[in-house]
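1. starting from these lines, generate the structure:
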Amino acid sequence: MRRMLRVLGTLLVIGGIGMLAWAFTVWRWQDPVTAVYTHLEQRELSRGFDELMAGYVAPPAPQGEPVAVGDAAKAFRESLRTGDVVGRLEIPSIGVTAMIVEGTDDETLKRGPGRYSDLFLPGEGELVYVAGHRTTYSAPFSKIDHLRKGDLVVVEVPYGRFEYRITGHRIVREDELWVLESKGREVLALQACHPRFFATHRYIAYAEPVDAELRTAAGADDGDA
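-> Numbering: from 1, shown residues only. Sure, this is the predicted structure:
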């Protein structure tokens, strides 16, 4: 009996240490199990985006007129369905390179950062809103609170490449939906739950556009838009 109790006690200690190690891993980095799923999904999305880029054709424009970036953005937005790949997000200062997915429901966000479908795309002169996980499913926005004013954010979509610079952040309650209201000017908002491991609030980093290149066809661009 004593031997069994010693064995049981040892197993409990080992189990406790294992749970602490797991909790520390998730806190310090991310959940490694869900990260595998997202990694595979991101790889598939990346392939799909490459194919989309290779076959991109801009919407028709009046004869002799350049394609307007807003028209190209709207045409692409209206073609999107939940789960589709939208583009590539790069945030060098916090080591993020991720494919953006259309939609922000629970299942979609497991695949990567999601674009809020009721809003806009880069180049439309309105609010572009992207949400992402902070501790699970590759935790693309785990370091969102490390972003500082002036940090570069790049969004590449089939019709162009758009550069933004971080201007600031705010923390709001999870039910404060006014943050989804576009104010008639282009702003990129990156959102994650706050604090980490909780969903009571939202941490939103804001960025404003500084440069853009419009693509009119596969493998081509028209310079500054």
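2. low-scoring stretches of this structure, by residue?
-> Applying pLDDT under 70 to the chain flags residues 1-31, 64, 217-225.
3. for it, just list every one of the helices.
-> Ranges of helices within the chain are 2-28, 32-54, 69-79, 106-109, based on DSSP state H.
4. got the angle between the second one and helix 69-79?
-> Think helix 32-54. The directions of helix 32-54 and helix 69-79 differ by 120 degrees, with axes from the mean of the first three to the mean of the last three Cα atoms, to 10 degrees as the criterion.
5. which residues sit against helix 32-54?
-> 25, 85, 87-88, 98-99, 101, 110-112, 136-139, 158, 218-219 (Cβ atoms under 8 Å, 6 or more residues apart in numbering). Placement of C-beta: from N, CA and C, glycine included.
6. filter the residues you listed to the buried ones?
-> By neighbour count, with 16 or more other Cβ atoms under 10 Å, those hold 85, 87-88, 98-99, 101, 110-112, 136-139, 158 as buried.
7. surely Ile100 and Glu156 touch.
-> No. Using Cβ atoms under 8 Å, Ile100 and Glu156 do not qualify as a contacting pair, with a distance of 9.4 Å.
8. spit out the residues that contact those two alike.
-> Common neighbours of Ile100 and Glu156 (Cβ under 8 Å, 6+ apart) are Gly87, Arg88.
9. re the thing from before, turn the buried ones among the contacts of helix 32-54 into CSV, including distance to Thr167.
-> Below are the buried ones among the contacts of helix 32-54 laid out as CSV (distance: Cβ to Cβ, whole Å):
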residue, distance to Thr167
Val85, 27
Gly87, 21
Arg88, 22
Ala98, 21
Met99, 25
Val101, 25
Lys110, 29
Arg111, 28
Gly112, 24
Thr136, 28
Tyr137, 27
Ser138, 26
Ala139, 24
Pro158, 26
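10. quick one, what contacts the spatially most central residue of the chain?
-> Note on the chain: the residue nearest the mean C-alpha position is Pro113, at 2.9 Å, using Cα atoms, centre = their mean. Residues in contact with Pro113 (Cβ under 8 Å, 6+ apart) are Leu89, Ala98, Met99, Ile100, Val101, Val130, Ala131, Gly132, Pro140, Phe141, Leu190.
11. try 7 Å
-> Leu89, Ala98, Ile100, Val101, Val130, Ala131, Gly132, Pro140 (Cβ atoms under 7 Å, 6 or more residues apart in numbering).
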